[in-house]
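A.B. asks: Starting from these lines, generate the structure:
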Amino acid sequence: MKNLSVRMAGWSAGHPWRAVAGWLVFVVLCLGAGIAVGSNPAASEDFRIGEAGRGEALAADGGLQQRPVEHVLITSRSGPLARDAADAAAREVVTRMRALPEVRTVADPVRAADGSAVRVRVTMEGPELDGKKHVDPLLAQTAAVQERHPDLRVEETGSPSIGKGVDKLRGDDLARTELIALPVTLVTLLLVFASVAMALVPLLLALTSIAASIGLSMLASHAFPDAGIGTNVILLIGLAVGVDYTLFYLKREREERARAGGSLSPRAVVELAAATSGRAVVLSGLAVAASSATLFLVDDVIFSSIAVGAVVVTLVAVVSSRTVLPALLALLGARAERRAQRRIARGKTATRTGRQRRTGPGRATTAVLAVVAKRPAVALAATVAALLALAAPALSLNLTDLGRETHSRSITAMQGYDRLTAAFPELKAMHQVVVRADAERAPAVRKALRDLARDVADDPRLNGQSSLATSADGRVSLLQLQVPHYVSADAAKDSLRSIRTEHVPATVGRVAGVEVAVTGDVARYADYPTHQKEKLPLVIVALLVVTFAMTVWAFRSVVLGLVGVVLNLLSAAASMGVLVLTFQHSWAEGLLDYESTGSIGSRVPLFLLVILFGLSMDYQVFVVSRIREAVLAGTPTRQAVIEGIGRSATVVTSAAVVMVTVFASFVGLHLMEMKQIGYVLAVAVLLDAFVIRMLLLPALMLLLGEANWWPSRTARRPKAPAEPLPGARPQQATDDLGTVG
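C.D. replies: Just a heads-up that it's a prediction; the model follows:
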């Protein structure tokens, strides 16, 4: 009985045009359904984490939640600020803004202490996260005032305008990376296949898989709200795995076609590829999806969005490889046969099979494997030592939630933000002490909060400015303290710890029957990395279990399961060490176009671990499948290791080049966290493909010998011939590692 992969491939190859039409209909339906239903963006409450999130919930209960706020800043273009002109411009700003339906309140103008600037605070209607959607009318009014006062600089900045600028910059960056990644990927595939048609197939399937996944992710957002990065993840992962899975399948189909020398029909060749590489693709896809799903354990809307995007696009890529890809291969195979027959009819007996590129290892791979085979223990020790040396800098990993001040200054609103915080440093950050109690305790709560404000009035880490608000029902009170430091500054973080551990217990903490939490800009910045660090061990354990279980299931070997875990840990640790060495220091700032913050984005390690563990399984499954296939055919394990890695070297190298191209294109992004993610994934793939799979894996498997297959004994004795596929050669061995699906 042929397994499900072979049956599906056989049907697709036998009905190619139906399969192609069915796939296109599937893509259109997915995308159309997503557009029709629309996406469900995450709301403010979905982002609440830790004590800061609890404080936001308390404030929202009393209607005191943060709202979108813009500041219109008026400064001089040169020389001292003309007071009368600035006041006139400020009055015009107030009048125009108060007339807008998007505006909730407009505060009176405030002059900087040194007289160099005037600002107008504008509070918008609606939730905090919705401000960037409705900020355009405010920006238009600011531009109108600027036009009427050309001698002044009238500009607008704030969370809504900065958020809008960040979104635009991200979109522009992604468009540019696509312009780079797609042509480079196509050139790579042309070099691999020396055929335009064969090179276009992986790219087209990846792009259609991405389109279908975007539609499906929009539907999924109604269960898992989209934090705004789902499409980014789909593009990042979809192009990489989509091309890889197709590449694995294509290379095996080409190899089988060359080996058959025209004696097999295109459908039989496709079925042979499905029985081997087709199954490896399914296992790889399931491994990536399972690894990505561990991000749900983080209990964070951002990582849930990442998980949804990665899982959906990976599974869709697997579906395309099992359905439409065999049809395309059969069509291309039939086309090649017709061309060969026409050449024969014209008297040209030479066929293209005589010019096929060799399927064996290249000279470099042969030389490396020869060294490893001669001294596997030395190769193992040297490689492990090198990886541990690369991993060493990770011991000084400093995780932070990259603050607003790290955004690119190419964003116009960020230029205004710098001038605003220079003139009004108290606007850099703030603490909010939120208290909820019965209404009859409101006087005691307000007194305690005033005592707290008095206690910190002389704190040099704060600026002494505070404001107190109470909800209409008297149940919720909020004390806001201004912090004249960026959220990443030590003074800001120290002041947060002092308020939480000293001042709150000494004041509000003495009032019976109250709920209290400290939130605000600094608390958000501090609590998010803490949450990630708390969840990191859980995710690592889950990843190790998934890697072990998937490997044991694929190869019926506990030893190989342990090998996969160890190799993935070494690869991830070395990659993280390189990331820390690069971005926590300044030596590569000019090369990679960044300014070091001395830290790594708090989301980067979790994203790296999950995606790397999944993608590493691609190579692990594909390479070990070739080795086990040879062992099942009766080849000794030592010889099978060398042959399997040698035969898969070309496709692994090609797949790695494609992945590195995709990931490296993200290094050019202006957003620091995306830059770090692209960089570390590119490094991780290089290490995994060229160090782990070419040096460490063969050395370890050569030393383990027959123990690789423990406790299974099926790989250690010759297998009975499997039922031949239609049109297959009697001596062709197929993979009987189990049934998928």
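A.B. asks: next structured bit after the helix or strand hosting Leu29?
C.D. replies: Using DSSP states H and E, Leu29 sits in helix 16-37. Using DSSP H and E, the helix or strand that follows helix 16-37 towards the C-terminus is helix 50-61.
A.B. asks: how far does that following helix sit from the chain's center?
C.D. replies: 28 Å (C-alpha atoms, centre = their mean, to the nearest Å).
A.B. asks: Show me what that helix is packed against.
C.D. replies: strand 429-436, strand 476-483, strand 515-520, helix 521-555 (3 or more C-beta pairs under 8 Å, 6 or more residues apart in numbering; DSSP states H and E). Glycine gets a C-beta too; all of them are placed from N, C-alpha and C.
A.B. asks: now the strands: where do they sit in the stretch 251-400 of the chain?
C.D. replies: For the stretch 251-400 of the chain, the strands defined by DSSP state E, counting those that start in this stretch cover 399-400.
A.B. asks: So, low pLDDT: which residues of it?
C.D. replies: Along the stretch 251-400 of the chain, segments meeting pLDDT under 70 span 340, 347-361.
A.B. asks: now the helices for it?
C.D. replies: 266-273, 279-293, 301-322, 324-345, 363-374, 376-391 (DSSP state H, counting those that start in this stretch).
A.B. asks: Packed most tightly, which of the ones you listed would that be?
C.D. replies: helix 266-273 (a mean of 27; mean count of other C-beta atoms under 10 Å).
A.B. asks: which secondary structure elements does that helix contact?
C.D. replies: Helix 266-273 packs on helix 4-14, helix 230-260, helix 324-345, going by 3+ C-beta pairs under 8 Å, 6+ apart.
A.B. asks: quick one on the thing from earlier: now tabulate the helices of the stretch 251-400 of the chain in a markdown table and tack on distance to Asp401.
C.D. replies: Shown next, in a markdown table, are the helices of the stretch 251-400 of the chain (distance: least, C-beta to C-beta, whole Å):
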| stretch | distance to Asp401 |
| --- | --- |
| helix 266-273 | 46 |
| helix 279-293 | 22 |
| helix 301-322 | 11 |
| helix 324-345 | 41 |
| helix 363-374 | 42 |
| helix 376-391 | 24 |
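A.B. asks: Kindly export the worst-scoring helix or strand of the chain on mean pLDDT (C-alpha atoms) in PDB.
C.D. replies: Ranked by mean pLDDT, DSSP states H and E, the weakest helix or strand in the chain is helix 324-345, scoring a mean of 79. Output of helix 324-345 as PDB, limited to C-alpha atoms (Å, rounded to 0.1, in the frame of the first residue of the first chain):
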ATOM      1  CA  VAL A 324      -0.100  21.300  -6.900                       C
ATOM      2  CA  LEU A 325       3.700  20.700  -6.900                       C
ATOM      3  CA  PRO A 326       3.400  17.100  -8.200                       C
ATOM      4  CA  ALA A 327       1.100  18.400 -11.000                       C
ATOM      5  CA  LEU A 328       3.600  21.000 -12.100                       C
ATOM      6  CA  LEU A 329       6.500  18.500 -12.000                       C
ATOM      7  CA  ALA A 330       4.500  16.100 -14.100                       C
ATOM      8  CA  LEU A 331       3.700  18.800 -16.600                       C
ATOM      9  CA  LEU A 332       7.400  19.900 -16.800                       C
ATOM     10  CA  GLY A 333       8.400  16.200 -17.100                       C
ATOM     11  CA  ALA A 334       6.000  15.600 -19.900                       C
ATOM     12  CA  ARG A 335       7.300  18.800 -21.600                       C
ATOM     13  CA  ALA A 336      10.900  17.500 -21.300                       C
ATOM     14  CA  GLU A 337       9.900  14.200 -22.800                       C
ATOM     15  CA  ARG A 338       8.200  15.800 -25.800                       C
ATOM     16  CA  ARG A 339      11.300  17.900 -26.400                       C
ATOM     17  CA  ALA A 340      13.500  14.800 -26.200                       C
ATOM     18  CA  GLN A 341      11.300  13.000 -28.700                       C
ATOM     19  CA  ARG A 342      11.400  16.000 -31.100                       C
ATOM     20  CA  ARG A 343      15.200  16.000 -30.900                       C
ATOM     21  CA  ILE A 344      15.300  12.200 -31.700                       C
ATOM     22  CA  ALA A 345      12.900  12.800 -34.600                       C
END
